[in-house]
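A.B. asks: please work out how this folds:
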Amino acid sequence: IKKPIFHIFLSKKNFDILKYVGFLFLGWRIILFFIAFLGLSGLPNINYYTKDLFFPDSSLNYLARWANWDGKAYQDIANSGYIPGLTVFFPLFPILIKLLSFFGISSFYSGMILSNLFTFLSLFFLYKLTLIDFSTKVAKRVLFAFLIFPTGFYLVTHYNESLAAFCVISSFYYARTKRWILAGLFAGAAGVTRLTGTAAIIGVLIEYLILEKENIKGRTLKFMWESKIRRFFVYLLFIIFVLNILTSANHTIVSGVSLTILEILKWPFILLLILLTFSLLKFFVKIINFKKIFNKNFLYVCFSIFPLLLYLIYQKITFGTFFSFLDNEIIWGKKFSPFWQGPLDSIRYVISSPFLISEYSARVHLRIFLFTVALYGLILSYRKLRLSYTIFYLIALLIPLSSGTLIDFPRYSLILFPLFIVLGLIENEFIQKLGVIIFISLLSFLLILFFNSYFFM
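C.D. replies: Residues are numbered from 1 along each chain as shown. The predicted structure is shown next:
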């Protein structure tokens, strides 16, 4: 007999987890509160548009700073509805803000209440999800890694990061516990919270369809060397990567030769990519349990796509195109590009100006660092975690990378729950302590920059 949904919060064991998560969240929240307050009170602020610096005074609104940048966009949508440029902000968070406003709560406080609530719930479900495969000790480290991640403060701002994390994590928790109605419901909610949330729909579907023996951890990286097509693809990808770096060389001949070779390699690369795609499809056909398709649970999982379809239909009716949000990404400095474009541009910039002292240079170094952490986490996820987790991770990684830039990538990484599980699995004490120092330092630094109106993502 299936237990009611609220049973998860009522048992003695779960109540103990709630207490632990509650104290952890409260302590972390208080620390962030004072770091932000001290930074805003004691350090110069900046007018982002004029670049004028000014020292703090009583006119600064501390609470309003929790809704800097995109936070204002979510308030505007909740208060006045969509205009074309704002369709990039998916609708679930503004809808929930609007629902709370019916109780007389302002859009600002509604967003802050929701943001903090969903962070707490994300911690609870992440703890429960980790416990399915690992020990309590690992689960606690996973929560700690999640909270001290350099952009973790976004979880309690007027952004939808915590809602996206909650929907994704809870969808996988219910998938792992075979409660497919709830898994589909929360995966669907993730798909209308942000674009990267759509990866949860595919991840939950993989968890449902894939053979259990193929989903277990313990894989190696030999997969990409098991056929000539895959080996050639890896070698060619590496050559193209190096040639792209050389195109930014100051030497005209080196740059010109690199561009010529890249043009020649373009079609072989496309052919290998097509062959690799067919190879991967063949692999997935072998490991899928097709009998599960003829089951009502399959329909529950497939239903998760409908909320996103409704949002697309709304955009078509209101703005004349199903993909208004993609058309409007250009306003925010993004456009559809090959997934390697953003990282390559950033790496080229660092190589050409490795020690340039500027705000932009610092942003690029930070983005490359966190991109490297996320990429390394993907490799470890493939080796140590379930295949469904890794496929979700890969798709949720590729979506923001396909915007042609690493802008906002550090913030989007908060949805990558397998990354935090991988970080929680680190046993080496030196690496643990070094990671904690680096992450907490960056967390504090970026939180102050966010509050003082420095755009640093």
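
A.B. asks: contacts and neighbour counts: CA atoms only from here.
C.D. replies: Noted.

A.B. asks: dump the residue contacts of Phe125.
C.D. replies: Counting by C-alpha atoms under 8 Å, 6 or more residues apart in numbering, Phe125 touches Phe166, Ile169, Ser170, Tyr173.

A.B. asks: go on, Leu163?
C.D. replies: By C-alpha under 8 Å, 6+ apart, the residues touching Leu163 are Phe93, Leu114, Ser115, Phe118, Thr119, Ala190, Thr193.

A.B. asks: isn't the fifth one right next to Leu155, touching?
C.D. replies: Looking back up the chat, that one is Thr119. Yes. Using C-alpha atoms under 8 Å, Thr119 is in contact with Leu155, at 6.1 Å.

A.B. asks: so what's the residue count around Lys13?
C.D. replies: For Lys13, the neighbour count with other C-alpha atoms under 10 Å is 10.

A.B. asks: that one - that's part of a helix, no?
C.D. replies: Yes. If the criterion is DSSP: H, G, I helix; E, B strand; the rest coil, then Lys13 is within a helix.

A.B. asks: what's the burial count for Phe103?
C.D. replies: When neighbours are counted by other C-alpha under 10 Å, Phe103 registers 9.

A.B. asks: with adjacent residues omitted, what lies nearest to Tyr74?
C.D. replies: Closest residue to Tyr74 in three dimensions, ignoring its sequence neighbours and counting by C-alpha to C-alpha, 6 or more residues apart in numbering: Pro94, at 5.7 Å.

A.B. asks: check Phe290 too.
C.D. replies: Going by C-alpha to C-alpha, 6+ apart, Phe290 has Leu209 as its nearest residue, at 7.2 Å.

A.B. asks: separation between the one you found and Val422?
C.D. replies: 24 Å (C-alpha to C-alpha, to the nearest Å).

A.B. asks: please apply the same query to Lys384.
C.D. replies: Lys384 is 8 Å from Val422, by C-alpha to C-alpha.

A.B. asks: which of the two has more neighbours?
C.D. replies: Legend: neighbour count by other C-alpha under 10 Å for Lys384 and Val422, higher for Val422 (22 against 19).

A.B. asks: residues contacting that one?
C.D. replies: Val142, Gly377, Leu380, Ser381, Lys384 are the contacts of Val422 under C-alpha under 8 Å, 6+ apart.

A.B. asks: just put these in TSV and tack on secondary structure.
C.D. replies: Conversion of these to TSV gives the following (three-state DSSP):
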residue	secondary structure
Val142	helix
Gly377	helix
Leu380	helix
Ser381	helix
Lys384	helix
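
A.B. asks: list just the nearest of those residues to Gly85.
C.D. replies: Distance to Gly85 across these (C-alpha to C-alpha) is lowest for Gly377, with 33.5 Å.

A.B. asks: show the backbone phi and psi for the nearest residue to the closest one once chain neighbours are set aside.
C.D. replies: Leaving aside its chain neighbours, Gly377 sits nearest to Leu419 (5.2 Å; criterion: C-alpha to C-alpha, 6+ apart). The phi/psi pair for Leu419 (degrees, to the nearest 10) reads phi -60, psi -40.

A.B. asks: what of Phe54?
C.D. replies: phi -150, psi 150.

A.B. asks: from the chain's centre, how far out does stretch 214-222 sit?
C.D. replies: Computed by C-alpha atoms, centre = their mean, to the nearest Å, the chain-centroid distance of stretch 214-222 equals 23 Å.

A.B. asks: typo on my end, stretch 44-62
C.D. replies: Averaging C-alpha positions (C-alpha atoms, centre = their mean) puts stretch 44-62 30 Å from its chain's average.

A.B. asks: what of stretch 99-119?
C.D. replies: Relative to its chain's centre, stretch 99-119 lies at 22 Å (C-alpha atoms, centre = their mean).

A.B. asks: begin at 8, not 1, for the rest of this chat.
C.D. replies: Right, with 8 as the first residue, what we last looked at is stretch 106-126.

A.B. asks: the helix or strand harbouring Pro425: what's the following helix or strand?
C.D. replies: Element membership for Pro425, per DSSP states H and E: helix 424-431. Using DSSP H and E, the helix or strand that follows helix 424-431 in sequence is helix 436-458.

A.B. asks: what's in contact with that following helix?
C.D. replies: Under C-alpha under 8 Å, 6+ apart, the answer for helix 436-458 is 39, 42-43, 46-47, 72-73, 75, 155-160, 433, 462-463.

A.B. asks: show me which residues of it are buried.
C.D. replies: By neighbour count on 16 or more other C-alpha atoms under 10 Å, the buried set for helix 436-458 is 439, 442-443, 446-447, 449-458.

A.B. asks: how about stretch 135-150: buried residues?
C.D. replies: For stretch 135-150, by 16+ other C-alpha under 10 Å, it's Lys135, Leu136, Thr137, Val145, Ala146, Lys147, Arg148, Val149, Leu150.

A.B. asks: over to stretch 62-80?
C.D. replies: Under the neighbour-count rule (16+ other C-alpha under 10 Å), stretch 62-80 has Pro63, Arg72, Trp73, Ala74, Asn75, Gly78, Lys79, Ala80 buried.

A.B. asks: could you tell me which of those residues are located in helices?
C.D. replies: With DSSP state H as the criterion, helices contain Gly78, Lys79, Ala80 from among those.

A.B. asks: so who does the last one touch?
C.D. replies: Read that as Ala80. Neighbour list for Ala80: Leu93, Phe96 [criterion: C-alpha under 8 Å, 6+ apart].

A.B. asks: show me the contacts for Arg393.
C.D. replies: Per C-alpha under 8 Å, 6+ apart, neighbours of Arg393: Asn222, Ile223, Lys224.
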